[in-house]
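A.B. asks: Everything below, folded, please.
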Amino acid sequence: MFPGELKPKCLIVLVRGNPYFMQTFTARDRQNLDTIYRLGQNALERLGFQVITMSKDYTADDFVDAGHFMPSGGRKLARKSRSIFKEYLPSPIAPSTARWHRPQCRCSGRRAQA
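C.D. replies: The predicted model follows:
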């Protein structure tokens, strides 16, 4: 899926569903789902990926529907993933040093039009 050298720089987020809908699960269903997430995270980490699984501290109010976040859910995910991102992006790029270069057209060598 990804070249080996990029795997440690990939962040895979295993998203749990909206607790409102999960309350319909039996205790056994919830236990099985926890096992699936744990095994999935372990397998991806063995392959060299950075993985976080959404914790169970999300509420139904953090979701718009079964799996899409409200701003509150997005903020919780951002807080959880911040430490991982900081490892790879220790300081923001200053706007004055960030440069975007238009790609050259392969056929003519001229700069592509914006």
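
A.B. asks: Three-state assignment for the residue nearest to the spatial centre of the chain, please.
C.D. replies: Against the mean C-alpha coordinate of the chain, by C-alpha atoms, centre = their mean, the closest residue is Val13 at 3.9 Å. Recorded secondary structure, Val13: strand (DSSP: H, G, I helix; E, B strand; the rest coil).

A.B. asks: do the same with Ile52
C.D. replies: strand.

A.B. asks: neighbouring contacts of the least confident helix or strand in the chain by mean pLDDT?
C.D. replies: Lowest mean confidence among the helices and strands of the chain (mean pLDDT, DSSP states H and E): helix 71-88, at a mean of 80. Contact with helix 71-88 is made by 9, 11, 13, 50, 52, 54-55, 57-58, 61-63, 69, as judged by C-beta atoms under 8 Å, 6 or more residues apart in numbering. From N, CA and C alone the C-beta is placed, and that goes for glycine too.

A.B. asks: Quick check: ChimeraX command selecting the buried ones in those residues.
C.D. replies: This is how ChimeraX selects the buried members of those, with burial counted by 16 or more other C-beta atoms under 10 Å:
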select :50,52,54,58,62,63,69
